[in-house]
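Trainee: model the structure of this input:
(one chain, ligands or ions: 1)
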Amino acid sequence: MSEHPLTSMVREVYNKHSALCDFVCRVNDEDLTTEQNAIFSQLSEETRKRYYGSGIVIPEQLEGKRVLDIGCGSGSLVFILSKLVGPTGYVVGVDICDGLIEAAKSQIEYHQKAWGLKEPNCEFVIGNAEKLDFEPNSFDIIVSNGIVCLCPDKEAAFNSAYRVLKEGGQFFLSDVYSEVDPPIKYRDHETLWTLGTTGAMRWDTLAEVAGKAGFTSPYLGQVGTVNIVNEEYIKMLENGRFVCAGWRLFKLPKDVKRGASRVTYKGNITGFSDALRWDVDLYFPTGEGVEVDSDLATILSASYLNSSFDFCDIQTNPVTKRNQNPFAYLDKLQAEGRQPAFIYTIE
Ligand SMILES: C[S@@+](CC[C@H](N)C(=O)[O-])C[C@H]1O[C@@H](n2cnc3c(N)ncnc32)[C@H](O)[C@@H]1O
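Mentor: As a prediction, the model looks like this:
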């Protein structure tokens, strides 16, 4: 099947950015842990100057895991994960842009040395998110930062990610979302599409599209403002609002179900000894029981996070939020005079 013209356009635009280094995204350093920020600052200059993410999202409990980064660009997140999975883990980055994949490959040795690894534990391949060419059930964790908004066929992208993720695995997804459907008239506009606006999913369709592929409901982990300052783009986008949002989704074995439970985080995940932040609403402090509904109890007990929790059945029906509205969350932050995790400015 031939490639969608929008995908070819994205490759061309990112190849130019990679060659010219004329554009770089802001890192959401405020909401990363001290350790995560320290790792980012140790990335090579060549990698950092081609960082195009919509807010870095880094899953927890990575040691020894096999991780896939879909739309890895120059590999910023792959190299961070390479440090965190350690010598017994492995990270694969896939992207359609040959220029960025070449730039990423050229930095493997640098990071292998920087992390003190005897052998490289990561690789980069050219490939399309909509038809990932990996074995089914071959990754423990998938991450993706700023690419679904660039995929013309969202369903294919979610189906493809679901196929290659193992049962019990997590899809840690960060992307641009719209509040209402972006105007169709300017869908193919080069700049608006490649900046992630006209291809952005309406936030409330994520659960439906990902759910159809087989994923659990999304939990909102992080929100950043998209600040469009260019008057012409504001007009073309009909004053529509956009956000960057990070979500957790899981692929669970079929037919597993746990009832509402009191779950206690053991504090055993490296870098998260005091508490595990689940989403924008929920924290699991170490050693303290937290009541969660059946859906979340099922995710925690049937995913790889199982070894970090103790479970106790309860007879009550606690309400656990999921599929939270990122725009309402941003409005709440603003009303309270608080800052979002980061701002993505479109000039
Ligand atoms: C906004 S950039 C983010 C890059 C990278 N995740 C980062 O954080 O620097 C989007 C990336 O998605 C890639 N991309 C776009 N459409 C894709 C597709 N269908 N399959 C694979 N990669 C794609 C682009 O080439 C680009 O590298």
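Trainee: quick one: is the helix ranked longest in the chain near the ligand?
Mentor: Identified as the longest helix of the chain according to DSSP state H is helix 5-20. Yes. Contact of helix 5-20 with the ligand (C-beta under 6 Å from any ligand atom) involves 7, 10, 14. The C-beta positions use only the backbone N, C-alpha and C, and glycine is treated the same way.
Trainee: from Arg277, how far out is the nearest residue to Asn268 once chain neighbours are set aside?
Mentor: In this structure, Asn268 finds its nearest non-sequential neighbour in Ser308, 5.6 Å apart by C-beta to C-beta, 6 or more residues apart in numbering. Noted for Ser308: a distance of 13 Å to Arg277, by C-beta to C-beta, to the nearest Å.
Trainee: and the closest residue to Tyr14 other than its chain neighbours, what are its phi and psi?
Mentor: Spatially, and ignoring its direct neighbours in sequence, Tyr14 is nearest to Cys97 (4.3 Å; C-beta to C-beta, 6+ apart). Here the main-chain torsion angles of Cys97 (degrees, to the nearest 10) amount to phi -90, psi 110.
Trainee: going forward, the N-terminal residue is numbered 146.
Mentor: Yes, from this point I'll number from 146; that puts the last item at Cys242.
Trainee: residues in contact with Cys242?
Mentor: Counting by C-beta atoms under 8 Å, 6 or more residues apart in numbering, Cys242 touches 155-156, 159-160, 163, 218, 271.
Trainee: quick check on these: which are buried?
Mentor: Among these, those classed as buried by 16 or more other C-beta atoms under 10 Å are 155-156, 159-160, 163, 218.
Trainee: closest one of those residues to Glu208?
Mentor: Gly218 (24.2 Å; C-beta to C-beta).
Trainee: which SS class is the closest one?
Mentor: Under DSSP: H, G, I helix; E, B strand; the rest coil, Gly218 falls in the coil class.
Trainee: quick one: His415 from Asp349, how far?
Mentor: Let me fix one detail, which is that residue 415 is Thr and not His. For Thr415, the distance to Asp349 - C-beta to C-beta - is 35 Å.
Trainee: comparing these two, which residue is more hemmed in?
Mentor: Asp349 (15 against 12; other C-beta atoms under 10 Å).
Trainee: which strands or helices does the longest helix of the chain pack on?
Mentor: Here helix 150-165 touches helix 243-250, helix 335-339, going by 3 or more C-beta pairs under 8 Å, 6 or more residues apart in numbering; DSSP states H and E.
Trainee: ok, and what's touching that helix?
Mentor: With C-beta under 8 Å, 6+ apart, helix 150-165 has contacts from 167-168, 195, 197, 218-219, 241-245, 248, 273, 295-297, 333, 335, 338-339, 344.
Trainee: filter these to the buried ones?
Mentor: Using 16+ other C-beta under 10 Å, the buried ones in the contacts of helix 150-165 are 195, 197, 218-219, 241-242, 244-245, 248, 273, 295-297, 338-339, 344.
Trainee: let me see the confidence value for Leu340.
Mentor: Confidence at Leu340, expressed as pLDDT, is 91.
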